[in-house]
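**Student:** sequence first, predicted model second:
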Amino acid sequence: RFVLRGRYVWLVYAEFGKHMERIRIYFKPIWYNIVRHKAYAGFCVFGTMLTFVFITILLQIVHVVRGNMPPAFHAERIIEVPTYILDERGNNFTNRWNRKDVQLLMGQLKGYENYTCYHDEAGNIRTNGQFGMSMAVYTDYNYWNVFQFDFVQGHPFTEQEARDRWVVVNEGIAKTYFTKENVIGEKLYFQGNEYQIIGVVANVSLFAQDGNLSLWLPEHFDRGVSGNDWVNTFILFPEEADMENAKKMVTHAVNRVAEMKHVNVNNLAEPIRTVQEVRSEFLGGDFWVIGVLGVILLLLAIPILNIILLSLANTNIQVAEIGIKRALGAQQSLVFFEILVENVILVIGGTLLGIILFVPLCQFFDKLLFENMILGAQTILADMNLGVIFGEVLPLSLLFSIISGGLPAYWVVKYPITDMLKGGVK
């Protein structure tokens, strides 16, 4: 039995070796053509790299806006209440919504899971001997239950801690103002008040919910330095909730609060929508989706045309060799797939380089666009979603390579062998 098993293993190994040798023989002329035509190969790789680094960025932004990403993991069931309403004359609701109005509003609602409201302020910060500006919010402890940030250090302030001078910062603030890794307990001054850092959250994309925020402070210390007390309000509903009914219920509650304050409401300045709908419509809604598709098509169309033309010129140089292969018995399909596989290798290689370039290019844009901005440390994209890479970018790259390589390969191999042997195709 031991001898038979050993012989079986040897046969499997030998068969595997034969298959690997066939693969080596098949790819050897392909690799030879790539090495021999370095200019063509370099252009394909470089052009594809530039194309797909921007397509990757664009698709990642689409994923952030339309998907359930930190901090709005439940964006489809969080309702954002407009900050003001219009009366029958079209005038703004006096003082907009403040925290007292929100309490009246929530008293009209049932069936929600949680809610939060915050007041945002832009102001000077001072910490670790450095000065800057940042966008901050004064919020309640429920904020951390409605929105889920990833904490890389510390934790959010609790109901008890919200009475003390604690502050949560993002990674951008921590890395900008401190050289050491652990910043918990460090002092930070905002609007003249001293706070201690209790937590550090991972950066989120500027295109995500609250992606423009850098500091989170307890609402107890909000003194309305900017001269207003209006708040942004978000209501989280349970998973089983009917969100269309929930939006109608919130609309009715808003109208009731307006009546209680003796405002005859004609309509809302903005419709009641979920956070997911607000983020999408903020960038243009359906027109934004059409625009994104248009940009992707434009980014693909120009390189495809260039690669097709260059591939035709490249294969015309090799046409005599292709004719000899055909004369010696090589089938059209074999030659076709050799040309196609060569292009697929170059395009996939360029795409992988573009994906590698994704992070440093985003960091470059962050530094270029946000280094001196009043809003403080922000980022276009905080990380790379691998689902987008494997589910969208790479399949798009494969389609790109098949179109840009398949058409020239088909046009070349369809010609008669006699024309190929003459050294060119007219």
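**Tutor:** Structure's in. What do you need? Numbers count the residues shown, from 1 in each chain.
**Student:** could I have stretch 156-175 exported to CSV, CA atoms only?
**Tutor:** Taking C-alpha atoms only, stretch 156-175 is exported to CSV below (Å, rounded to 0.1, in the frame of the first residue of the first chain):
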residue,chain,number,x,y,z
PRO,A,156,-16.3,58.4,24.3
PHE,A,157,-17.5,60.5,27.3
THR,A,158,-20.3,58.9,29.2
GLU,A,159,-23.4,60.5,30.8
GLN,A,160,-21.4,61.0,34.0
GLU,A,161,-18.3,62.2,32.2
ALA,A,162,-20.3,64.7,30.1
ARG,A,163,-20.4,67.0,33.1
ASP,A,164,-16.6,67.3,33.1
ARG,A,165,-14.2,69.0,30.6
TRP,A,166,-13.4,66.1,28.4
VAL,A,167,-12.8,66.2,24.6
VAL,A,168,-12.7,63.5,21.9
VAL,A,169,-10.4,64.3,19.0
ASN,A,170,-9.8,62.6,15.6
GLU,A,171,-6.5,61.0,14.5
GLY,A,172,-5.7,64.0,12.4
ILE,A,173,-5.6,66.3,15.4
ALA,A,174,-3.6,63.8,17.5
LYS,A,175,-1.0,63.4,14.8
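**Student:** mean confidence score for that stretch?
**Tutor:** Stretch 156-175 shows a mean pLDDT of 92.
**Student:** alpha carbons of stretch 60-80, as PDB, please.
**Tutor:** Written as PDB, here are the backbone C-alpha positions of stretch 60-80 (Å, rounded to 0.1, in the frame of the first residue of the first chain):
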ATOM      1  CA  GLN A  60     -14.200  54.600  -3.000                       C
ATOM      2  CA  ILE A  61     -15.900  58.000  -2.600                       C
ATOM      3  CA  VAL A  62     -19.100  56.500  -4.100                       C
ATOM      4  CA  HIS A  63     -18.900  53.700  -1.600                       C
ATOM      5  CA  VAL A  64     -18.500  56.100   1.300                       C
ATOM      6  CA  VAL A  65     -21.500  58.300   0.300                       C
ATOM      7  CA  ARG A  66     -23.900  55.500  -0.600                       C
ATOM      8  CA  GLY A  67     -22.800  52.800   1.800                       C
ATOM      9  CA  ASN A  68     -23.100  52.300   5.500                       C
ATOM     10  CA  MET A  69     -19.700  53.500   6.600                       C
ATOM     11  CA  PRO A  70     -18.400  54.800   9.900                       C
ATOM     12  CA  PRO A  71     -19.700  56.700  11.700                       C
ATOM     13  CA  ALA A  72     -23.200  56.200  10.100                       C
ATOM     14  CA  PHE A  73     -23.400  52.400  10.100                       C
ATOM     15  CA  HIS A  74     -27.200  52.700  10.100                       C
ATOM     16  CA  ALA A  75     -27.500  55.600   7.700                       C
ATOM     17  CA  GLU A  76     -30.700  54.200   6.200                       C
ATOM     18  CA  ARG A  77     -32.600  54.400   9.500                       C
ATOM     19  CA  ILE A  78     -31.200  57.600  11.000                       C
ATOM     20  CA  ILE A  79     -33.500  60.600  10.200                       C
ATOM     21  CA  GLU A  80     -31.900  64.100  10.000                       C
END
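**Student:** just the helices in the stretch 101-250 of the chain please.
**Tutor:** 143-146, 171-177, 243-260 (DSSP state H, counting those that start in this stretch).
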